[in-house]
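Undergrad: Pasting the sequence and the predicted coordinates here, then a few questions.
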Amino acid sequence: MTTRPWQPLPLLCLLLWLAVPSAAQPDQAKLRADVVAMASIGYSRAGSYLASGKEVVFIANLSGSPQVWKMPAAGGQPVQLTKLADPVTAMVPSPKQNLIAFQVAPGGGLNAQLYVMQGDGRGVKQVTTGGKTNNFLGTWSPDGTLLSFGSNEQNPTGVDFFIYDATKGTATLAVQNKGTGGIVAFSPDNKQVLVTRLASRGSNDLYLYNLATKEEKLLTRHEGPGTFFGEIAPSGQVYLGFNKDRDLLAFGQSTPHSIQLLAERKDAELADFTLNHAGTQAVLVWNEKGRNKLTLFDLKTNKETQQLVLPVELVAGVAFSPNDQTIIFTGSGSKEPTNIWVYTLGSNHFRKLTDSPHPGVNLATLVAPELVSFPSFDGVPLSGWLYKPQTGKGPFPTVISYHGGPEGQSVPSLNPTAQALVQQGVAFFLPNVRGSSGFGKAFLNLDNGPLRVNGVKDIKAVSDYLVQAGLAKAGALGIMGGSYGGYMVMAGVTQYPDMFAAGANLFGVVNFETFFQHTEPWMAAISTVEYGDPVTQAALLRELSPIHKADLIKTPLLVEHGANDTNVPVVEAEQVVAALKKNNVPVQYTLFPDEGHGWQKTSNRITSTVEIVDWFTSRLK
């Protein structure tokens, strides 16, 4: 493990500590300090090897904002490579060249710009044209000379696919596209690319595209919803994650006329996979009700050979070392900060390469959630992760937190808000209602369009279960969520005005009409199946929009939003605040001037967590 010579808590931690009133009791001051410490837990993610294999690069927020760092692959002191005012939101090193591509989000917004630099941080070169264009970092070619990326520079309602030639220093349009998607892999000779095109949320296709002739071959012909992701092996074989003609995502390979199933689980979905450089082995990442499992797959015999015993609950971003002897991944869990881990193949040895700081937080005292399952009003099975206070007996005051997406999934992560609340005797529940990912194609699409009313009814089913099971205290329920989770908050407090004692709407949708008018055009274009078409289903979208029932709201609300959010524009928050003020409903509004859709900077994460915990503890206890 590495050690850090600096104190990672930003100045705002000290200011918040000093801001505790002098008349406050010592226990109150300690509670505030505990919340600040919890929200200040650092992270390191998106780790990958540089081409030499001797160093690892990753994104970490050790400086208070996510930036690119590197360190020796054998372990040692990390070195910061970027020191930008804006956050780095994605990064990928070249597999063969001493180059790193990275994505920077001005003000935390979606108008991200892409850059390439040398492995030591020198020679930074901007790849994209700047301005308000939305750009999305892709992948490198096997020889490390070509970099793919998506951009809406030429088409606001879609994302075209570009290729940057690192040897020439120029970017050119490679594939025109009506919707969104990207180039996800290059063939070994760089003549073909594997392209994903998203027709609508919940349905995409994969194509093999010839860069010279512009001819393309559809690999995933299907009807209705379908999810597909893939890689090209050194042999040219395309391997896939797919759910064509099946409910749960599985691992397979493309054949001339179909997809051949290679590995499946009856109780889990394939979340991701990665191939080694020799094309002989794959690592499969399975999603088992929110926890991850890793298995090794032999591409020569087409058999799974080993399930790894993981030291963490959650895994993301698996990558092989250049010599295929080790894999690197981002690992985390309900009591484990997000770190870069390394596993040596052929052994049982996992090594935590980074050691994300958590000063003032004893990880051993954190609460691990339990998975609970229950039926909704119509028998549809729901589940969620319950964080319970370690002292006292239930029923507890309880905050219910809905995930975004709506295609997201609640998982057993280290949740600072949950841990801070349970320390103060408030339970925290993360439900997975219909429309959540990770439970199959059918479940994912149960809330599309007019079916959204059933997703809103799940809110009552969740609350009823918690109260009837003796877990939550009636009259002391809170509701919170971000993005689509913010929509669920607003739907909950309008559809069930007497159910919640407090709510927190974080950058949530409240009015589908204004959402479609002001969000990014490409986001609007892919959201019509999920929510409804504003041209042909305007009445439905109006009925589903909580703002039109704002007069029913009784629940005091905390509203937080990023000024640079172009996904869910700030006009959504402004409508909520204006309506509540008009009706004399208590509302507290925080607008972060340097954030977009979610919080990137540690100081803002601290402010948000402190506000949320104070808001609920003062109203539920």
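TA: Sure, I can see it.

Undergrad: quick one: contacts for Gly392?
TA: Residues touching Gly392, when contacts are defined by C-beta atoms under 8 Å, 6 or more residues apart in numbering, comprise Gly425. Glycine gets a C-beta too; all of them are placed from N, C-alpha and C.

Undergrad: pLDDT score for Thr157?
TA: The model reports Thr157 with a pLDDT of 86.

Undergrad: residues near it, how many?
TA: Applying the criterion other C-beta atoms under 10 Å, we find 15 residues in the vicinity of Thr157.

Undergrad: Give me the distance between the closest residue to it other than its chain neighbours and Ser373.
TA: Taking C-beta to C-beta, 6 or more residues apart in numbering as the measure, Thr157 lies nearest to Pro521, with 4.3 Å between them; neighbours along the chain are not counted. The spacing between Pro521 and Ser373, counted by C-beta to C-beta, to the nearest Å, is 40 Å.

Undergrad: from what I can see Arg351 touches Asn339, true?
TA: No - in terms of C-beta atoms under 8 Å, Arg351 does not count as a neighbour of Asn339; the distance is 10.4 Å.

Undergrad: Just the buried residues of the longest strand anywhere in the chain, please?
TA: Across the chain, the longest stretch assigned as strand under DSSP state E is strand 472-482. Along strand 472-482, the positions that meet the burial threshold by neighbour count (16 or more other C-beta atoms under 10 Å) are Ala472, Lys473, Ala476, Leu477, Gly478, Ile479, Met480, Gly481, Gly482.

Undergrad: hang on, the earlier thing: of Arg351 and Asn339, who's got more company?
TA: More crowded of Arg351 and Asn339, by other C-beta under 10 Å: Asn339, with 24 against 15.

Undergrad: what's across from the more buried one in the sheet?
TA: Gly331 (DSSP bridges).

Undergrad: Equivalent analysis for Trp286, please.
TA: Leu270, Lys293.

Undergrad: Run a quick neighbour tally on it.
TA: For Trp286, the tally of surrounding residues (other C-beta under 10 Å) stands at 25.

Undergrad: Gly394 too?
TA: Gly394 is flanked by 15 other residues according to other C-beta under 10 Å.

Undergrad: same deal with Val57?
TA: Under the criterion other C-beta under 10 Å, the count of neighbours that Val57 has is 24.

Undergrad: Can you tell me the element it falls in?
TA: strand 55-60 (DSSP states H and E).

Undergrad: Closest one of the buried residues of strand 472-482 to Gln537?
TA: When the buried residues of strand 472-482 are compared for distance to Gln537 (C-beta to C-beta), Gly481 wins out at 23.9 Å.

Undergrad: where's the residue lying closest to the closest one once chain neighbours are set aside relative to Phe616, distance?
TA: Spatial nearest neighbour of Gly481, excluding adjacent residues (C-beta to C-beta, 6+ apart): Tyr402 at 3.7 Å. According to C-beta to C-beta, Tyr402 and Phe616 sit 15 Å apart.

Undergrad: For the two, indicate the residue with more neighbours.
TA: Set side by side, Tyr402 and Phe616 show more neighbours around Tyr402, with 33 against 28, by other C-beta under 10 Å.

Undergrad: Could you list which residues are in contact with the more buried one?
TA: With contacts defined as C-beta under 8 Å, 6+ apart, Tyr402 is in contact with Pro431, Val433, Ile459, Ile479, Met480, Gly481, Tyr484, Gly485, Met488, Val489.

Undergrad: can you pull the contacts of the residue nearest to Thr157?
TA: Asn152, Pro156, Thr157.

Undergrad: and with 10 Å instead?
TA: By C-beta atoms under 10 Å, 6 or more residues apart in numbering, the contact set of Pro521 is Asn134, Asn152, Asn155, Pro156, Thr157, Gly158.

Undergrad: could you flag which of those residues are buried?
TA: Buried members of those, scored by 16+ other C-beta under 10 Å, are Asn134, Asn152, Gly158.

Undergrad: Which parts of the chain are helices?
TA: Counting by DSSP state H, one finds helices in the chain at the ranges 11-18, 26-39, 416-423, 441-444, 452-468, 484-495, 512-518, 521-526, 528-531, 538-544, 571-582, 602-620.

Undergrad: ok so, going back, if you count contacts, what does the strand holding Val57 end up packed against?
TA: For strand 55-60, the packing partners by 3 or more C-beta pairs under 10 Å, 6 or more residues apart in numbering; DSSP states H and E come out as strand 44-49, strand 67-72, strand 79-80, strand 88-93, strand 99-104, strand 326-333, strand 336-344.

Undergrad: From the chain's centroid, how far away is the first one?
TA: Averaging C-alpha positions (C-alpha atoms, centre = their mean, to the nearest Å) puts strand 44-49 16 Å from its chain's average.

Undergrad: Please apply the same query to the third one.
TA: Relative to the chain's own centre, strand 79-80 is displaced by 25 Å; criterion: C-alpha atoms, centre = their mean.

Undergrad: let's number from 48 now, not from 1
TA: Okay, residue one is now 48; in that scheme the one you just asked about reads as strand 126-127.

Undergrad: which helices and strands sit right next to it?
TA: Contacting strand 126-127 under the criterion 3+ C-beta pairs under 10 Å, 6+ apart are the following elements: strand 102-107, strand 114-119.

Undergrad: so Leu587 sits right up against Gly496, yeah?
TA: Yes - counting by C-beta atoms under 10 Å, Leu587 touches Gly496, with 6.9 Å between them.

Undergrad: on that earlier part again, return the most buried member of the helices and strands packed on strand 126-127.
TA: Mean neighbour count (mean count of other C-beta atoms under 10 Å) peaks for strand 102-107 among the helices and strands packed on strand 126-127, with a mean of 24.

Undergrad: what about Thr327, how many neighbours?
TA: Considering only other C-beta under 10 Å, Thr327 is surrounded by 14 other residues.

Undergrad: next one: Val503
TA: By other C-beta under 10 Å, 19 other residues sit near Val503.

Undergrad: Apart from its chain neighbours, what residue comes closest to it?
TA: Using C-beta to C-beta, 6+ apart and skipping residues adjacent in sequence, the residue nearest Val503 is Ala538, 4.7 Å away.

Undergrad: close enough to count as contact, that neighbour and Phe547?
TA: No - under the criterion of C-beta under 10 Å, Ala538 is not in contact with Phe547, lying 11.4 Å apart.

Undergrad: between the two, what contacts are shared?
TA: When contacts are counted by C-beta under 10 Å, 6+ apart, the set common to Ala538 and Phe547 consists of Ile506, Ile526.

Undergrad: And Asn108, how close does it get to Gly89?
TA: To Gly89, Asn108 is 6 Å away according to C-beta to C-beta.

Undergrad: With neighbour numbers in mind, choose between those two.
TA: Under the neighbour definition other C-beta under 10 Å, Asn108 and Gly89 were set side by side, and Asn108 has more, 26 against 22.

Undergrad: what's near enough to touch that one?
TA: Contact analysis of Asn108 by C-beta under 10 Å, 6+ apart lists 55, 57, 87-92, 114, 116, 134-135, 385, 403-404, 647-649, 652.

Undergrad: residues bridging contact with Asn108 and Gly89, i.e. touching both?
TA: Residues within reach of Asn108 and of Gly89 at once, by C-beta under 10 Å, 6+ apart, are Pro55, Thr385, Ser403, Pro404, Thr649.

Undergrad: show me where the stretch 248-397 of the chain has strands.
TA: Taking DSSP state E, counting those that start in this stretch as the criterion, the stretch 248-397 of the chain contains strands spanning 250-257, 263-265, 275-279, 285-289, 297-301, 306-310, 316-322, 328-335, 338-345, 350-355, 361-367, 373-380, 383-391, 397-399.

Undergrad: Export those strands as a markdown table, with columns for mean pLDDT and distance to Ala415.
TA: Supplementary listing: the strands of the stretch 248-397 of the chain in a markdown table, determined by pLDDT from 0 to 100; distance: least, C-beta to C-beta, whole Å:
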| stretch | mean pLDDT | distance to Ala415 |
| --- | --- | --- |
| strand 250-257 | 96 | 35 |
| strand 263-265 | 97 | 45 |
| strand 275-279 | 98 | 30 |
| strand 285-289 | 98 | 29 |
| strand 297-301 | 98 | 29 |
| strand 306-310 | 98 | 29 |
| strand 316-322 | 98 | 21 |
| strand 328-335 | 98 | 16 |
| strand 338-345 | 98 | 11 |
| strand 350-355 | 96 | 20 |
| strand 361-367 | 98 | 13 |
| strand 373-380 | 98 | 8 |
| strand 383-391 | 98 | 10 |
| strand 397-399 | 97 | 18 |
